[in-house]
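[1] Sequence unavailable; structure follows:
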Ligand code: N2P
């Protein structure tokens with residue numbers, strides 16, 4: 001593993017990075033048939049080691065087709081729009097209950113998963129899915145601010161670089177409403193899950209000013225932001241940290257930090273869709289992913305957090321030896337780094353929607 005500590009700005013970011021972004025396993029496709037030998041996976045981009053996918057195909061004599069997405073919202077919209085029949089999806093923790101209400105999930109039957117016992121205790125039976133009826137944790141992801149030190153080195157590690165009054169830097173924000181509104185809330189000293197209308201209005205007013213800056217060059221997915229940093233098109237990008245670190249081994253100028261005001265984190269899960277053509281094959285894939293060596297290979301490749309206790313011995317030694325590879329307990333406990341949670345129904349979520357629509361329409 002080619003981990004260059006120099007580009008890691010906080011211990012929590014010691015997540016590893018040794019390969020270029022996944023490509024071969026994530027070619028766009030349009031599943032239409034129900035061939036029992038095809039597994040259709042709908043997943044966040046750059047989020048699995050293609051070799052793991054190939055190994056599963058060889059072991060089971062099947063084909064795995066992976067389509068990718070860049071946000072929970074686009075994932076849900078596509079699933080609700082119909083027309084694509086996937087077996088597996090990869091929603092974040094705060095999208096599980098909305099997907100359940102939309103009747104999109106079927107029980108996993110974890111008793112049939114021989115590797116379910118490998119899940120780390122802290123990730124078992126989460127509030128969003130008591131008893132793990134519908135989900136297993138896949139990886140977890142914090143969000144940071146990234147830059148390319150070959151072109152620009154920020155003087156501070158603060159959201160102030162983009163949310164402050166200065167308008168000299170070029171930057172891009174994640175195309176992800178909870179991340180963008182959450183970061184603004186955090187910068188203002190509020191919870192990323194705030195439902196207080198005055199706080200949300202303050203975040204809205206801040207973000208109105210931010211997207212009006214000359215330096216604001218739009219919203220993008222994590223890999224797109226990494227590529228724009230690499231190309232030197234932007235000075236800063238909000239990014240899921242693994243997406244940045246995946247490019248960092250080959251491009252040591254790429255760096256990321258968790259802003260000092262705090263930031264968001266989420267657990268991404270694997271779920272079997274209710275309309276899955278091949279639920280048994282989907283279950284076999286989940287069990288494969290929970291195998292210690294496979295789970296470690298995925299995280300060693302993607303540089304994302306690993307919720308599998310039995311995978312730890314196979315994680316890259318630098319990751320394994322670093323306590324911060326797990327969610328940084330002190331910052332989680334203090335609320336500095338906050339899990340994004342589902343919002344309760346009612347006015348505040350509608351305000352989030354309105355703020356996002358307004359920002360995207362500018
Ligand atoms: C992978 C992004 C995963 C983190 N590209 C989003 N929760």
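    Structure received. Please read these numbers as outputs of a predicted model, since none were measured by experiment. Numbers count the residues shown, from 1 in each chain.
[2] Can you tell me which residues in the stretch 51-200 of the chain are near the ligand?
    Those residues of the stretch 51-200 of the chain that sit near the ligand, judged by C-beta under 6 Å from any ligand atom, are 92, 141. For the C-beta atoms, the positions are set from N, CA and C on the backbone; glycine is no exception.
[3] ok, now how distant is the residue in the stretch 51-200 of the chain that the ligand sits nearest to from residue 56?
    The nearest approach of the stretch 51-200 of the chain to the ligand comes at residue 141, 3.6 Å away (C-beta to the nearest ligand atom). According to C-beta to C-beta, to the nearest Å, residue 141 and residue 56 sit 23 Å apart.
[4] So the two - more neighbours on which side?
    Per other C-beta atoms under 10 Å, whichever of residue 141 and residue 56 has more neighbours is residue 141, with 24 against 20.
[5] What count of nearby residues applies to the nearest residue to residue 69 once chain neighbours are set aside?
    Leaving out its chain neighbours, the residue that sits closest to residue 69 by C-beta to C-beta, 6 or more residues apart in numbering is residue 75, at 4.5 Å. Neighbour count of residue 75, defined by other C-beta under 10 Å: 23.
[6] my guess is residue 113 contacts residue 132, does it?
    No. Taking C-beta atoms under 8 Å as the definition, residue 113 is not a contact partner of residue 132, at 9.4 Å.
[7] The residue of the stretch 51-200 of the chain closest to the ligand is in what secondary structure piece?
    Secondary structure from DSSP states H and E places residue 141 in strand 136-148.
[8] Counting by contacts, list what that strand packs against.
    When contacts are defined as 3 or more C-beta pairs under 8 Å, 6 or more residues apart in numbering; DSSP states H and E, strand 136-148 sits against helix 222-230, strand 236-240, helix 241-248, strand 254-257, strand 263-273, helix 292-302.
[9] Is it possible to get JSON lines of those that adds distance to residue 126?
    Below are the helices and strands packed on strand 136-148 laid out as JSON lines (distance: least, C-beta to C-beta, whole Å):
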{"stretch": "helix 222-230", "distance to residue 126": "23"}
{"stretch": "strand 236-240", "distance to residue 126": "20"}
{"stretch": "helix 241-248", "distance to residue 126": "20"}
{"stretch": "strand 254-257", "distance to residue 126": "26"}
{"stretch": "strand 263-273", "distance to residue 126": "7"}
{"stretch": "helix 292-302", "distance to residue 126": "18"}
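[10] and these, which one's lowest on average pLDDT?
    Mean pLDDT values for the helices and strands packed on strand 136-148 show the minimum at helix 241-248, a mean of 86.
[11] the inter-axis angle of it versus strand 236-240?
    Interaxial angle of helix 241-248 relative to strand 236-240 (axes from the mean of the first three to the mean of the last three C-alpha atoms, to 10 degrees): 110 degrees.
[12] Does the ligand have contacts with helix 241-248?
    Yes. Where contact is defined by C-beta under 6 Å from any ligand atom, part of helix 241-248 touches the ligand, namely residue 243.
[13] and that helix, what other elements does it pack with?
    Helix 241-248 sits against strand 136-148, helix 222-230, strand 254-257, helix 292-302, with contacts defined as 3+ C-beta pairs under 8 Å, 6+ apart.
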